[in-house]
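*Asks:* Need the 3D shape of this:
(2 chains)
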Amino acid sequence: MNIFFRSPVAQLVEQLAVSTEGMKEGDWRKRKTEENMRTEEVI
Amino acid sequence: MTALESIRKSCGLAAEAIPLMVIVCIFNFITATIMLGIIGVNPNPDEVAQKVGGIFFFSGIVFLLWVLLEGGLFSSLYSKLTQNKLNLETFASNCLRFFGRLLVINLITVAVIIVLWVIGAFFTGLFIALGQGQNPFSNALGIILMGIAVFISFGVSIPMLLGQYLLVAEDGAVVASLKKGLAICRAKVGRIIFLFVLLAVIFVVISIAVNLIGFLFGKIIPAGWPLGIMNILLTSVVNGAYSIFASLSILGLILSNLPAVAQSNQDKEDEIITN
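*Replies:* Numbering: from 1, shown residues only, chains lettered A, B, ... in the order given. Presented below is the predicted three-dimensional model:
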């Protein structure tokens, strides 16, 4: 029941997964923006 | 008893089940504080990979401890609903008494959910790959399939959850309790779904309030361990109170409908014998 209604332990793991994914996504976007800027400079 | 009556009755009984809420709250607080110690207050995403083993290992320990606690909690709730007393003196012995059987039901539930999610993820991946990730139709179909798999897994876990309560209430065997859980779900599907919907609505409202309070804490308390501990304390109290309230509602609904389900099964058996 506790797990069914999200225990604080499950919430911590969830938050970690979300923030890690978010940071990875952020890194990916940052890299993509930098690549685009470099391409534009070359053009 | 209907779903609404069950919720109303639980509201009255919840105040008398505070010792059980305190037990769940302490369990939540200790385990979540240890988990915060493992994860760290400000985890660096580059270091998460090194912590995955520890997180999995400790999650497994928390799962086993929770199953151990379930036997005592469910039997106390059963005593409260049937004899109007919590019988806390037999709490520890009931934890051990039901541990093995509850563990089997929990493991079956987890296995079924994992299998359904893997099947869902496989077909989601398959459809997205078929459209090479560029086709919006196949992407949408893939996501819908995953949603269906998650929905089915919830549907399957409900009779299994009811089976856990019945196992403790009737001191039954694993398979017999699961069958009975399924029989109740079939016979009273409307009431059970309505109860879970009501509990979900209450849960969403509480979650919004808790998140808002957590946000305000974030503005007042400095980031780091003090804020982490305050958030754990807040969620532990809310989860402890809510899980006991929800368990009381579900167990109350099952127990009140059990005689009707048994009678209808008996009638079916009699009909088969007569024919």
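
*Asks:* For chain A, what's its nearest residue on the stretch 101-250 of chain B.
*Replies:* Closest to chain A within the stretch 101-250 of chain B is residue B:235: 4.2 Å, counting by CB to the nearest CB. For the C-beta atoms, the positions are set from N, CA and C on the backbone; glycine is no exception.

*Asks:* make that chain B, sorry
*Replies:* Counting by CB to the nearest CB, chain B gets nearest chain A through residue B:32, at 3.8 Å.

*Asks:* Restrict the strand or helix carrying that residue to CA atoms and write it as PDB.
*Replies:* Element membership of residue B:32 [criterion: DSSP states H and E] is helix B:18-39. Output of helix B:18-39 as PDB, limited to C-alpha atoms (Å, rounded to 0.1, in the frame of the first residue of the first chain):
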ATOM      1  CA  ILE B  18      -2.900   7.000  14.800                       C
ATOM      2  CA  PRO B  19      -0.400   4.500  16.400                       C
ATOM      3  CA  LEU B  20      -0.300   2.700  13.100                       C
ATOM      4  CA  MET B  21       0.200   6.000  11.200                       C
ATOM      5  CA  VAL B  22       3.100   6.800  13.600                       C
ATOM      6  CA  ILE B  23       4.700   3.400  12.800                       C
ATOM      7  CA  VAL B  24       4.500   3.900   9.000                       C
ATOM      8  CA  CYS B  25       5.800   7.500   9.500                       C
ATOM      9  CA  ILE B  26       8.800   6.400  11.500                       C
ATOM     10  CA  PHE B  27       9.500   3.600   9.000                       C
ATOM     11  CA  ASN B  28       9.300   6.200   6.100                       C
ATOM     12  CA  PHE B  29      11.500   8.700   7.900                       C
ATOM     13  CA  ILE B  30      14.300   6.300   8.800                       C
ATOM     14  CA  THR B  31      14.400   4.600   5.400                       C
ATOM     15  CA  ALA B  32      14.100   7.800   3.400                       C
ATOM     16  CA  THR B  33      16.900   9.500   5.500                       C
ATOM     17  CA  ILE B  34      19.200   6.600   4.800                       C
ATOM     18  CA  MET B  35      18.300   6.800   1.100                       C
ATOM     19  CA  LEU B  36      19.100  10.500   1.100                       C
ATOM     20  CA  GLY B  37      22.400   9.600   2.600                       C
ATOM     21  CA  ILE B  38      23.100   7.200  -0.200                       C
ATOM     22  CA  ILE B  39      21.900   9.500  -3.000                       C
END
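
*Asks:* hmm, who's touching it?
*Replies:* A:2, A:7-9, A:11-13, A:16, B:14, B:51, B:54-55, B:58-59, B:62, B:65-66, B:69, B:72-73, B:76-77, B:86, B:88, B:91, B:228-229, B:232-233, B:235-237, B:239-241, B:243-244 (CB atoms under 8 Å, 6 or more residues apart in numbering or on different chains).

*Asks:* how about the helix or strand hosting residue B:149: buried residues?
*Replies:* Per DSSP H and E: residue B:149 is located in helix B:136-170. With burial defined by 16 or more other CB atoms under 10 Å in any protein chain shown, the residues of helix B:136-170 counted as buried are B:138-139, B:141-142, B:145-146, B:149, B:152-153, B:156-169.

*Asks:* for it, packing partners?
*Replies:* helix B:48-83, helix B:91-130, helix B:174-187, helix B:189-220, helix B:225-274 (3 or more CB pairs under 8 Å, 6 or more residues apart in numbering or on different chains; DSSP states H and E).

*Asks:* Quick one: the ones you listed as CSV, columns for mean neighbour count and distance to residue B:26 too.
*Replies:* Shown next, in CSV, are these (neighbours: other CB atoms under 10 Å in any protein chain shown; distance: least, CB to CB, whole Å):
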stretch, mean neighbour count, distance to residue B:26
helix B:48-83, 17, 10
helix B:91-130, 16, 13
helix B:174-187, 18, 28
helix B:189-220, 14, 18
helix B:225-274, 18, 8
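
*Asks:* Any idea how many residues pack against residue A:34?
*Replies:* For residue A:34, the neighbour count with other CB atoms under 10 Å in any protein chain shown is 10.
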